[in-house]
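Asks: Test case, fold it:
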Amino acid sequence: MTKKQAEKKYKEYLEGHIGNVSKALELLYSLEIPYVVKNIDKLRSIVKEHDKSKYDEPEWSAYLHHFYPTKKEEEMMGEEFDVAVKHHIKNNKHHWDFWCDEKGKLQKNIDREDYKLYCIERICDWLSMAGQNDESPDGYYNANKDFIKQPKYARKMCDEIFAIIPKDYAKDMWKGNRGKLDEDIYLNRKVVDKLGKRVKKSKTSNTIEIDTQMTNHDKQLKEMKLSQIKNDSKRQDPERISRSKNVKSTYLGMSKFGILNFKTTSESRNGYHYQTIEFKDLRPFEDIIKSGKDITPQDVKKQLQDQDMNIWCTDESFSYWAWGHKAYKHDFLYIDERIPDLKKRIQAPTVNNVDLNGGSCKHILSVIDYVTKPFVLLAIADDINEYLKGNEEVSPKYKKQDVAVQNQYDQVAEWDWSDIEDYTGLSKAQILRDLSKTIQVVPSIDKGDVLTDLVGEALPQESQGLKREIVNRAEELLAQDK
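Replies: Numbering: from 1, shown residues only. Sure, this is the predicted structure:
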């Protein structure tokens, strides 16, 4: 190969790769991943500059000679490629090791939003390579994720995004072959929502095409009214109806338009489980306000009775007894970005309740009864009126609570070992000792699972969300200590 031929081939490869990174971003955008859609303008600007440093020295010549060497260059040995790679990494934020110090440890005080933007570019980089090499989109990431040093939230983002992309999606995207992916797009679209509720439909032709196909699939699904959920339990699981009388529900407020939040006491331990029910169609409420009237409790009750609703409960039994799977299968599952291990919680049962008997858990059944009480209907009507009149985005009660919870989570994210020891009573030495013992017995066990058990035993009455944040912070500190 002559030098001129080599330069032409390398330039074609580089242009193709950069173009495919842009395609990968549009792939994520077409799946309506909320973080991508929300930040699409910033991401497109970032991706537009992808790998531009490779056109300049010291990178251009070194990469050219390494990947497209002439005969003479094949016989040459040198350090120019290593120098070029280090230069490239330190000048391109989409590389995970850009964010590491000279000792290879993850830097402290990384700007979270900045990192997340370039984490998306990194995912697009991997998807581009997968498409060009005809490989699985998550192949490189799965093979290397235990080696890649990144914040916990970034690993979670990568895991969730790769989980929703069908295995053939990347290479078929490059080939323009989308027809055979309709079913995969539909099945994975549900899991897209765990990154946040779906944003307004994109105007791109690809997304409109997918949404049309989604609608056709939706027509094949059985949806569910709250009364049907209760009737299923009466008919197939009457004991659950009786047990629902032993717990007490409370209305927490409306977190977003049409999304109602509750907490219900636990029958087996001190504390609460949290439930969500969601109106699927908000137009009846909007039409009432447009007519110059206020939403009344009777209006709310009618929609609760007439509409298909989405539901969710944080109690483990919601998944353990397959009601999460039933709700997912029949399209009445509410999905929120804060739900951990969503894919596990909607898996088809192999042991418990394989026939999917019953409507839902006792906490949801309690909420179904509670939500029809006049004072609850009045509170919901007030919340919807306030929202539609532009006075409140969420109900004040819920907003105050949600802000307090988020502030607590933000504080945990800044904790050091002494904070964890003070709050949980678990010393760092104890945590390391228990980790070591468990890993010796089960080498393949995930450290996060061990930490979750330790923190769960130390804080039995704390919320699952807070315990999860403490575990995440402990994992980050362990990674920093290496």
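
Asks: When you work out contacts or count neighbours from here on, use the C-alpha atoms and nothing else.
Replies: Noted.

Asks: Any idea how many residues pack against residue 456?
Replies: 18 (other CA atoms under 10 Å).

Asks: Surely it touches residue 467?
Replies: Yes. Applying CA atoms under 8 Å, one finds residue 456 in contact with residue 467, separated by 6.8 Å.

Asks: which residues are common contacts for these two?
Replies: Common contacts of residue 456 and residue 467 (CA atoms under 8 Å, 6 or more residues apart in numbering): none found.

Asks: which residues of the protein fall in strands?
Replies: 249-256, 259-265, 272-279, 309-313 (DSSP state E).

Asks: Pick the most deeply packed of those.
Replies: Comparing the strands of the chain by mean neighbour count (mean count of other CA atoms under 10 Å), strand 309-313 comes out on top with a mean of 24.

Asks: do you know how far residue 334 is from residue 232?
Replies: Distance of residue 334 to residue 232, given as CA to CA, to the nearest Å: 19 Å.

Asks: can I see the domain layout of the protein?
Replies: Per the record, the chain has its domains at 3-51+92-218, 226-403, 413-481, by automatic domain parsing.

Asks: Columns mean pLDDT and distance to residue 64 on top of those domains, output as JSON lines?
Replies: Output for the domains of the chain, formatted as JSON lines (pLDDT from 0 to 100; distance: least, CA to CA, whole Å):
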{"stretch": "domain 3-51+92-218", "mean pLDDT": "71", "distance to residue 64": "6"}
{"stretch": "domain 226-403", "mean pLDDT": "81", "distance to residue 64": "43"}
{"stretch": "domain 413-481", "mean pLDDT": "82", "distance to residue 64": "36"}
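
Asks: what would the ones you listed look like in a markdown table with distance to residue 83?
Replies: Formatted as a markdown table, the domains of the chain follow (distance: least, CA to CA, whole Å):
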| stretch | distance to residue 83 |
| --- | --- |
| domain 3-51+92-218 | 14 |
| domain 226-403 | 41 |
| domain 413-481 | 27 |
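
Asks: Mind checking the ones you listed for the one nearest to residue 84?
Replies: domain 3-51+92-218 (12.2 Å; CA to CA).

Asks: Would you format the strands of the chain as JSON lines with distance to residue 237 included?
Replies: Below are these laid out as JSON lines (distance: least, CA to CA, whole Å):
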{"stretch": "strand 249-256", "distance to residue 237": "20"}
{"stretch": "strand 259-265", "distance to residue 237": "20"}
{"stretch": "strand 272-279", "distance to residue 237": "20"}
{"stretch": "strand 309-313", "distance to residue 237": "18"}
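
Asks: do you know which of these lies nearest residue 236?
Replies: Among those, strand 309-313 sits nearest to residue 236 (CA to CA), with 19.1 Å.

Asks: so what does that closest one touch, helix or strand wise?
Replies: Helices and strands touching strand 309-313, by 3 or more CA pairs under 8 Å, 6 or more residues apart in numbering; DSSP states H and E, are strand 272-279, helix 323-329, helix 362-370.

Asks: packing partners for the longest helix that the chain contains?
Replies: Counting residues, the longest helix found in the chain (DSSP state H) is helix 3-30. Applying 3+ CA pairs under 8 Å, 6+ apart, one finds that helix 3-30 contacts helix 34-38, helix 40-48, helix 59-67, helix 112-132, helix 169-175.

Asks: could these go into CSV alongside mean neighbour count and distance to residue 92?
Replies: Formatted as CSV, the helices and strands packed on helix 3-30 follow (neighbours: other CA atoms under 10 Å; distance: least, CA to CA, whole Å):
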stretch, mean neighbour count, distance to residue 92
helix 34-38, 18, 20
helix 40-48, 15, 10
helix 59-67, 18, 12
helix 112-132, 20, 9
helix 169-175, 19, 23
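
Asks: and of the ones you listed, who's closest to residue 297?
Replies: The nearest among the helices and strands packed on helix 3-30, by CA to CA, is helix 34-38 at 32.8 Å.

Asks: between the longest helix of the chain and helix 112-132, how big is the angle?
Replies: With axes from the mean of the first three to the mean of the last three CA atoms, to 10 degrees applied, the angle from helix 3-30 to helix 112-132 works out at 120 degrees.

Asks: and the gap between residue 313 and residue 56?
Replies: For residue 313 relative to residue 56 (CA to CA), the value is 55 Å.

Asks: before we move on, what about residue 272?
Replies: Residue 272 is 59 Å from residue 56, by CA to CA.

Asks: Would you mind giving the helices and strands packed on helix 3-30 as CSV with distance to residue 349 added?
Replies: Shown next, in CSV, are these (distance: least, CA to CA, whole Å):
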stretch, distance to residue 349
helix 34-38, 30
helix 40-48, 38
helix 59-67, 50
helix 112-132, 32
helix 169-175, 27
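
Asks: correct me, but residue 274 touches residue 313?
Replies: Yes. Residue 274 is in contact with residue 313 according to CA under 8 Å; the separation is 5.7 Å.

Asks: can you map out the helices along the stretch 151-300 of the chain?
Replies: 152-164, 169-175, 182-192, 205-218, 226-236, 238-243, 283-290, 297-306 (DSSP state H, counting those that start in this stretch).

Asks: Might one say that residue 251 is in contact with residue 262?
Replies: Yes. With contact defined as CA under 8 Å, residue 251 reaches residue 262; the gap is 4.6 Å.

Asks: Between those two, which contacts overlap?
Replies: By CA under 8 Å, 6+ apart, no residue touches both residue 251 and residue 262.

Asks: how close does residue 242 get to residue 363?
Replies: 11 Å.

Asks: Show me which of the two is the more surrounded one.
Replies: Using other CA under 10 Å as the criterion, residue 242 and residue 363 rank with residue 363 on top: 33 against 13.

Asks: Which of the helices and strands packed on helix 3-30 sits closest to residue 295?
Replies: Closest among those, using CA to CA: helix 34-38, at 30.1 Å.

Asks: Alpha carbons only: can I get the closest one in CSV?
Replies: Extracted C-alpha coordinates of helix 34-38, given in CSV (Å, rounded to 0.1, in the frame of the first residue of the first chain):
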residue,chain,number,x,y,z
PRO,A,34,-35.5,11.2,28.1
TYR,A,35,-32.0,12.3,29.0
VAL,A,36,-31.0,12.2,25.4
VAL,A,37,-34.1,14.0,24.2
LYS,A,38,-33.8,16.6,26.9
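
Asks: what's the burial count for residue 158?
Replies: 20.

Asks: Isn't it up against residue 123?
Replies: Yes. Contact criterion CA under 8 Å: residue 158 and residue 123 qualify, at 7.2 Å.

Asks: Which positions in stretch 227-236 come out as buried?
Replies: 227, 229, 230, 231, 233, 234 (16 or more other CA atoms under 10 Å).

Asks: Same list (these) but as CSV, adding distance to residue 4.
Replies: Shown next, in CSV, are the buried residues of stretch 227-236 (distance: CA to CA, whole Å):
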residue, distance to residue 4
227, 73
229, 70
230, 74
231, 75
233, 74
234, 78
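
Asks: that older thread, out of the helices and strands packed on strand 309-313, which is closest to residue 432?
Replies: strand 272-279 (30.6 Å).

Asks: picking that back up, out of the helices and strands packed on helix 3-30, which comes closest to residue 441?
Replies: It is, among the helices and strands packed on helix 3-30 and with distance given as CA to CA, helix 112-132, at 34.6 Å.

Asks: Let me know how buried residue 133 is, in neighbour terms.
Replies: Using other CA under 10 Å, residue 133 has 11 neighbouring residues.

Asks: and it, how far is that from residue 20?
Replies: 12 Å.

Asks: before we move on, what about residue 469?
Replies: From residue 469 to residue 20 the distance is 36 Å (CA to CA).

Asks: Thanks a lot, see you next time.
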